[in-house]
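Chemist: here's a sequence, model it:
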Amino acid sequence: MAKSSGRAFTRVTIPVRARITQPDVEVDGMVSDISMNGTSIRCDWQPLKQDAECDVVLTLGEEETITIKAVGRVVRGSDDRVAIAFECVDIESIPYLRNLILYNAEETDQVQHEFAEHMGIR
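Modeler: Got it, this is the predicted structure:
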């Protein structure tokens with residue numbers, strides 16, 4: 001998926017297992033799309049508190065060998081999806097997140113340019 005106007009980072013569509021955790025709530029789902037700034041996850045999001053911090057764990061591969069961990073904020077939910085803005089991505093997860101986006105992007109040159117322009121996730 002190409003970069004949309006107004007977005008700092010390209011979003012890519014890729015099915016990755018996700019777990020969203022808030023105090024006393026844990027929701028499993030599948031990533032709909034993802035960027036360096038956040039993700040949209042297909043799930044039953046109603047138990048989650050909107051505009052509240054959450055932990056996000058994305059699991060790559062069948063044997064759960066690679067995980068991407070982030071702290072985010074639930075920014076909105078609609079129908080069967082929740083949008084989460086990343087506030088902090090675990091330092092060990094950043095290379096996996098970058099590669100996940102780069103290798104699934106339609107415009108890899110654009111993604112590499114974005115990475116060069118932004119040292120962090122914002």
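Chemist: in what helix or strand does the residue nearest the centre of the chain lie?
Modeler: With distances taken as C-alpha atoms, centre = their mean, Thr39 lies nearest the centre of the chain, 3.3 Å away. Element membership for Thr39, per DSSP states H and E: strand 38-42.
Chemist: ok, residues contacting that strand?
Modeler: Contact with strand 38-42 is made by 18, 20, 29-34, 56, 58, 72, 75, 80-86, as judged by C-beta atoms under 8 Å, 6 or more residues apart in numbering. From N, CA and C alone the C-beta is placed, and that goes for glycine too.
Chemist: kindly report the same for stretch 80-100.
Modeler: The contact list for stretch 80-100 (C-beta under 8 Å, 6+ apart) reads 12, 14, 16, 20, 27, 29, 32, 34, 36-45, 48, 53-54, 56, 60, 66-77, 115, 121.
Chemist: now a PyMOL select for only the buried ones of those residues.
Modeler: In PyMOL, a selection of the buried entries from the contacts of stretch 80-100 looks like this (16 or more other C-beta atoms under 10 Å):
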select buried, resi 12+14+16+20+27+29+32+34+36+37+38+39+40+41+43+45+48+54+56+60+67+68+69+70+72+74+77+121
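Chemist: show me the contacts of stretch 80-100 that map onto strands.
Modeler: Under the assignment DSSP state E, the contacts of stretch 80-100 contribute 12, 20, 27, 29, 32, 34, 38-42, 53-54, 56, 60, 66-77 to strands.
Chemist: helices or strands up against the worst-scoring helix or strand of the chain on mean pLDDT?
Modeler: When the helices and strands of the chain are scored by mean pLDDT, DSSP states H and E, helix 108-117 comes last with a mean of 76. Applying 3 or more C-beta pairs under 8 Å, 6 or more residues apart in numbering; DSSP states H and E, one finds that helix 108-117 contacts helix 94-104.
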